[in-house]
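[1] Below are the sequence and a predicted model; questions follow.
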Amino acid sequence: MNLLSFTRGRSRTARRRYDPPQPGSRGEHMLQERYGTRERATKFYNGQVTTQLTPKMMEFIGRMEMAFVATADAKGDCDVSFRAGAPGFLRVLDERTLAYPEYRGNGVMASLGNLSENPHIGLLMIDFVEDLIGLHVNGHARVVDDGTFTARYPERSEPAEGRRAERWVVVDVVEAYIHCRKHIPRMQRLPQKRAWGTDDPARKGGDYFAARAPAAPPAGAIPAPRVPLPAERITADDPAH
């Protein structure tokens with residue numbers, strides 16, 4: 001595996017203007033130059049970033065009970081969601097492919113809707129209980145119906161917790177790397193009976209955040225103007241380069 005030749009998708013023009021010999025995006029590399037972190041970043045790229053799952057990563061994924069899933073639509077508007085299940089609900093298909101099931105939910109299809117427009121996906125798995133470590137997996141995803149997935153991977157599609165997946169998200173791994181343990185809190189696992197598949201509003205959280213009845217401002221209140229903070233712009237023509 002040659003990590004130095006690994007780059008994420010860039011335009012042909014951008015590659016001519018800026019093509020550093022590390023993994024990572026153009027934005028990452030430009031900010032590393034601007035803020036003087038290139039040496040640290042290069043050490044991380046060369047020592048921690050892989051283009052496929054290592055055996056240790058595969059074992060880690062196999063015992064995870066939760067994952068955070070980041071997606072974006074065609075315009076770049078982002079969403080992050082949460083998936084959970086018994087250990088093994090995240091299925092490693094091989095060193096370059098993993099999958100997770102999609103069950104009956106609220107019907108919004110936010111993550112799947114984004115993936116239908118933009119296949120890029122980011123997964124973050126964290127062990128809060130034993131090793132206090134995390135794993136990032138970024139890649140390209142496709143949505144596959146349960147029948148097709150089961151026919152292709154019969155040994156990987158057995159129902160978990162008595163739930164049958166409606167469809168699967170299959171992820172082709174582009175990069176995988178560690179999330180350091182420095183600020184991961186230690187948690188304790190407690191017995192819990194989970195109501196998988198329930199439609200009971202109370203069990204699902206109801207209107208916990210009072211979204212249906214937002215608080216009205218006091219009579220006569222004048223909303224404060226929102227003045228956005230100026231953002232620092234970093235471009236390929238930045239004088240720092």
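    Nice, I can see it. Computed from a prediction, not measured in an experiment: that's the story for all the values here.
[2] my read: Trp45 touches Gly24, true?
    In this structure residue 45 is Tyr, not Trp. Yes: the pair Tyr45 / Gly24 is scored as a contact, 6.4 Å apart, by C-beta atoms under 8 Å. For the C-beta atoms, the positions are set from N, CA and C on the backbone; glycine is no exception.
[3] which stretches of the chain form strands?
    66-72, 78-84, 91-94, 97-102, 120-127, 133-145, 167-179 (DSSP state E).
[4] Let me know the average pLDDT across the last one.
    So that's strand 167-179. Throughout strand 167-179, pLDDT has a mean value of 97.
[5] For Met64, give me its contacts.
    Met64 makes contacts with Pro87, Leu90, Met125, Asp127, as judged by C-beta atoms under 8 Å, 6 or more residues apart in numbering.
[6] Try it again at 6 Å.
    Contact analysis of Met64 by C-beta atoms under 6 Å, 6 or more residues apart in numbering lists Leu90, Met125.
[7] ditto for the one 5 residues further on
    Going by C-beta under 6 Å, 6+ apart, Val69 touches Ser81, Arg83, Ser111, Leu123.
[8] From Arg189, how far out is Gly88?
    Gly88 is 16 Å from Arg189, where distance means C-beta to C-beta, to the nearest Å.
[9] And the pLDDT at Ala211?
    Model confidence at Ala211 (pLDDT) stands at 71.
[10] okay, now it: neighbour count?
    Other residues near Ala211 come to 7 when the count uses other C-beta atoms under 10 Å.
[11] just to revisit the earlier point, so which of the strands of the chain is nearest Tyr35?
    For the strands of the chain, the distance to Tyr35 is smallest for strand 167-179, at 19.8 Å, taking C-beta to C-beta.
[12] mind listing what's buried in that closest one?
    For strand 167-179, the neighbour count (16 or more other C-beta atoms under 10 Å) marks Arg167, Trp168, Val169, Val170, Val171, Val173, Val174, Glu175, Ala176, Tyr177, His179 as buried.
[13] who's in contact with the first one?
    Listed by C-beta under 6 Å, 6+ apart, the contact set of Arg167 reads Glu102, Val143, Asp145, Asp146.
[14] With the fourth one instead?
    If you count contacts by C-beta under 6 Å, 6+ apart, Val170 has them with Ala99, Arg142, Val144.
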